[in-house]
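Asker: can't give you the sequence, but here's the structure:
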């Protein structure tokens, strides 16, 4: 009986030890992404009590209690933009002020006449934006963008956050109309990612755990040989 139990335990361990596919992961190679540019992200903030009426006039008189933004392009070459939104005034005599943020996104990817940008400011949030051929800036989705990749089936965005008790990650797909849909959840916030030699996308999550998005759009768990 003891021998049988030992054999069953051994078989169980053997099966669990091979759950993840062993692969050669390589490393990030910027030359594989000629349409993408990376920057050191930054945010400059200014709060102003001037121009509050003009801000809401630009929004068409929307209710000031709503969560609203105005985005304007600052520099097309770098994707830098200004984000303006209402907030509580630091001056007790006024109820509302306007905060202006000049944001340098970490990622920009050129798609013909359009540009997609991704910013990541940790627990303070981030944005995925579209800059069209007329320099109009449109918010696609609020998210902490880790990176953006062109895959055979579309444009893919890795995103997530690890802060205090939170640790999550997602993969989204941007369609031809620049609408976004979630494809998969990750095992944790993506801390790095890159395309493998075979064109599949490797995502390494925090604190550990790797997964691959295949060229067909399927997800599988993997283990980098070099990390064993």
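Answerer: Cool, the structure landed. This structure is a prediction, so every number in the text was calculated from the model and none was measured. Numbering: from 1, shown residues only.
Asker: spatially speaking, which residue is in the middle of this structure?
Answerer: The centre of the chain sits closest to residue 145, judged by Cα atoms, centre = their mean, with a distance of 1.7 Å.
Asker: Spatially nearest residue to it, not counting backbone neighbours?
Answerer: Distances taken as Cβ to Cβ, 6 or more residues apart in numbering put residue 118 closest to residue 145, at 2.9 Å, once the chain neighbours are dropped. (Each C-beta comes from the backbone N, C-alpha and C, glycine too.)
Asker: what are the bridge partners for that neighbour, then?
Answerer: Here residue 118 sits in beta bridges with residue 107, residue 128, as judged by DSSP bridges.
Asker: mind checking how far it is from residue 97?
Answerer: Applying Cβ to Cβ, to the nearest Å, the value for residue 118 to residue 97 is 28 Å.
Asker: Over to residue 86?
Answerer: With distances taken as Cβ to Cβ, residue 86 is found 7 Å from residue 97.
Asker: Equivalent analysis for residue 132, please.
Answerer: Taking Cβ to Cβ as the measure, residue 132 falls 30 Å from residue 97.
Asker: From residue 158, how far out is residue 205?
Answerer: The separation that residue 205 has from residue 158, given Cβ to Cβ, amounts to 10 Å.
Asker: Spit out the residues that contact the two alike.
Answerer: 169, 186, 190 (Cβ atoms under 8 Å, 6 or more residues apart in numbering).
Asker: quick one: what helix or strand has the first one in it?
Answerer: Using DSSP states H and E, residue 169 sits within strand 166-174.
Asker: Any idea which helix or strand in this protein has the lowest mean pLDDT?
Answerer: Ranked by mean pLDDT, DSSP states H and E, the weakest helix or strand in the chain is helix 2-16, scoring a mean of 47.
Asker: about what we covered before: show the contacting residues for the residue nearest to the centre of the chain.
Answerer: 105, 106, 107, 118, 119, 120, 126, 127, 128, 157, 158, 159.
Asker: partners of it in the sheet?
Answerer: Here residue 145, judged by DSSP bridges, has bridge partners residue 159.
Asker: Against residue 129, how distant is it?
Answerer: Look at residue 145 and residue 129: by Cβ to Cβ, they are 9 Å apart.
Asker: And for residue 155?
Answerer: In this structure, residue 155 and residue 129 are 13 Å apart, going by Cβ to Cβ.
Asker: With residue 22 instead?
Answerer: Plainly put, residue 22 is 38 Å away from residue 129 if you go by Cβ to Cβ.
Asker: Between the two, which is the more surrounded one?
Answerer: The residue with more neighbours, out of residue 22 and residue 129 and counting by other Cβ atoms under 10 Å, is residue 129; that gives 25 against 12.
Asker: follow-up on the earlier one: can you spell out which helices and strands pack onto the helix or strand following the least confident helix or strand of the chain?
Answerer: From helix 2-16 onward toward the C-terminus, using DSSP H and E, the following helix or strand is strand 21-23. For strand 21-23, the packing partners by 3 or more Cβ pairs under 8 Å, 6 or more residues apart in numbering; DSSP states H and E come out as strand 219-224.
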